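sequence first, then the predicted structure, then my questions.
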Amino acid sequence: MAAPLAIVLAAGKSTRMKSALPKVVHPLFSRPMVEYVFDAARAAGVERLVVVVGHRAEEVKSILAHHPDVEFALQAEQKGTGHAVMMCLPALQSHNGPVLILSGDTPLLKTESLKKLLAAQEAGVAAVIGTATTSANEGLGRIVRLPDGEFLRIVEERDATPAEKKIQEINTGCYAFDGQRLASALQRLKPTNAQGEYYLTDAPALLKEDGDLVAAAECFSIEEAMGVNTRIQLADVAQVIKDRTDRRLMTEGVTIVDPKLVSIDPQAKIAADVVIEPFVVIRGAVEIGPDSHIGSHAVLEGPLTLPAGSIVKPFEHRHA
């Protein structure tokens, strides 16, 4: 069986971002947000990434052109998530293995969660819907289960009964499919809804009708599953990434005198016994050797390597 393939949905506009720049390439630290999704997918075993582009497609392709494992599918008209994945049929028909479907605006996705999702599919299930639990479920698709816990269906809020609206297990929009079964379902999707769109959520229902096993697995936290739609959410996500980075570095032996007062790119590689004073900014691929001292208000811009024992004076600006 082939290694997993990932389809990354990246065709949308930046309407709520109030931006001409396509949403998925808005920068988080020094990288487009979609690249964090790539990282998580690759670390989960994905070897091919198919990115669905639409709004300002050539710009997105240009920004991501340096990734050798990325190919593109064009969704010229936005007719729903199912339609977006249908644009990937040529890639699917030559793929004998699992397929992840991910959103390009979810940069907090964790590799461990994607591995759980893939493991659930590889246990012999045609489709697995990744779920999360949240009391803040307004506007989200609910996971309806039978009394024994078996997955029954996804119900959108506008179609939900009062009892179903109370369900706190929600559809994250992350899926794992058997590639060939997905291709079969996609070719049978119909736009039988008020919006005239092709819904990806109809694909698991079609597979259930075929007698295939379909499951819902709570693999995600709500934090990692929620997409970035506004600049406020972008800042919230940046803060989460910053906190993860600072904690990792301090756990590895780096002294950050006041974590609230520094900005350290998650790409930075900083050795043990480095001291980082307040108001330091580290951007991009910066490597700092052990026993170095970075003075307050210093700015380091990668690609840059500082050898062991380096001293960067306050307010100093170093770059390649």
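Sure, I can see it.

so what's Val53 up against?
Ala10, Ala11, Val60, Lys61, Phe72, Ala73, Leu74, Gln75 (C-beta atoms under 8 Å, 6 or more residues apart in numbering). (C-beta placed from N, C-alpha, C; glycine too.)

which among these count as buried?
Using 16 or more other C-beta atoms under 10 Å as the burial test, these include Ala10, Ala11, Val60, Phe72, Ala73, Gln75 as buried.

residues near Asn175, how many?
Quick fix: residue 175 reads Tyr, not Asn. Tyr175: 24 surrounding residues under other C-beta atoms under 10 Å.

the helices in the stretch 151-300 of the chain, which residues?
Remark: helices assigned in the stretch 151-300 of the chain by DSSP state H, counting those that start in this stretch are 162-165, 179-186, 202-209, 222-225, 231-251.

export those helices to CSV and tack on mean pLDDT, mean neighbour count and distance to Gly130?
As requested, those are arranged in CSV below (pLDDT from 0 to 100; neighbours: other C-beta atoms under 10 Å; distance: least, C-beta to C-beta, whole Å):
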stretch, mean pLDDT, mean neighbour count, distance to Gly130
helix 162-165, 94, 10, 19
helix 179-186, 95, 21, 15
helix 202-209, 93, 20, 12
helix 222-225, 90, 19, 7
helix 231-251, 96, 15, 18
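
quick one: those helices as TSV, columns for distance to Glu287 too.
Below are the helices of the stretch 151-300 of the chain laid out as TSV (distance: least, C-beta to C-beta, whole Å):
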stretch	distance to Glu287
helix 162-165	51
helix 179-186	39
helix 202-209	45
helix 222-225	28
helix 231-251	13
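
tell me which of these approaches Arg48 most closely.
For the helices of the stretch 151-300 of the chain, the distance to Arg48 is smallest for helix 179-186, at 10.7 Å, taking C-beta to C-beta.

about what we covered before: can you tell me which of the helices of the stretch 151-300 of the chain comes nearest to Leu5?
Comparison of the helices of the stretch 151-300 of the chain against Leu5 by C-beta to C-beta identifies helix 179-186 as nearest, at 6.7 Å.

and the closest one with helix 202-209, angle?
Relative orientation of helix 179-186 versus helix 202-209 (axes from the mean of the first three to the mean of the last three C-alpha atoms, to 10 degrees): 100 degrees.

please go through this structure and pick out the longest strand.
Within the chain, and with DSSP state E defining each element, the longest strand by residue count is strand 169-178.

which helices and strands does that one pack with?
Applying 3 or more C-beta pairs under 8 Å, 6 or more residues apart in numbering; DSSP states H and E, one finds that strand 169-178 contacts strand 98-103, helix 111-122, strand 127-133, strand 142-145, helix 222-225.

how about the ones you listed, which one is nearest Pro90?
Of all the helices and strands packed on strand 169-178, it is strand 98-103 that lies closest to Pro90, at 13.4 Å by C-beta to C-beta.

partners of that closest one, with directions?
Strand pairing for strand 98-103, determined by DSSP bridges: strand 5-10 (parallel), strand 169-178 (antiparallel).

tally up the residues packed near Val52, please.
25.

quick revisit: out of the strands paired with strand 98-103, which gets nearest to Ala41?
The minimum distance between Ala41 and these falls on strand 5-10, with 4.4 Å, by C-beta to C-beta.

how much space separates Gln75 from Tyr198?
According to C-beta to C-beta, to the nearest Å, Gln75 stands 11 Å off from Tyr198.

what two of the contacts of Val53 are the furthest from one another?
The widest separation within the contacts of Val53 (C-beta to C-beta) is 12.8 Å, between Lys61 and Gln75.

remind me which residues of the stretch 51-200 of the chain are low pLDDT?
Counting by pLDDT under 70, the stretch 51-200 of the chain contains no low-confidence residues.

pull the contacting residues for Ala225.
Ala225 makes contacts with Thr106, Leu109, Gly130, Ala132, Thr172, Gly173, Cys174, as judged by C-beta under 8 Å, 6+ apart.

what about the third one, neighbour count?
Counted with other C-beta under 10 Å, the burial measure for Gly130 works out to 25 neighbours.

and if you look at the first one?
Residue neighbour count, defined by other C-beta under 10 Å, stands at 25 for Thr106.

now it: phi and psi?
phi -120, psi 70 (degrees, to the nearest 10).

that one touches Glu224, doesn't it?
Yes - assessed by C-beta atoms under 8 Å, Thr106 is found in contact with Glu224 at 7.0 Å.

hang on, Val286 packs against Ala268?
Yes - contact criterion C-beta under 8 Å: Val286 and Ala268 qualify, at 4.7 Å.

that concludes my questions; thank you for your assistance.
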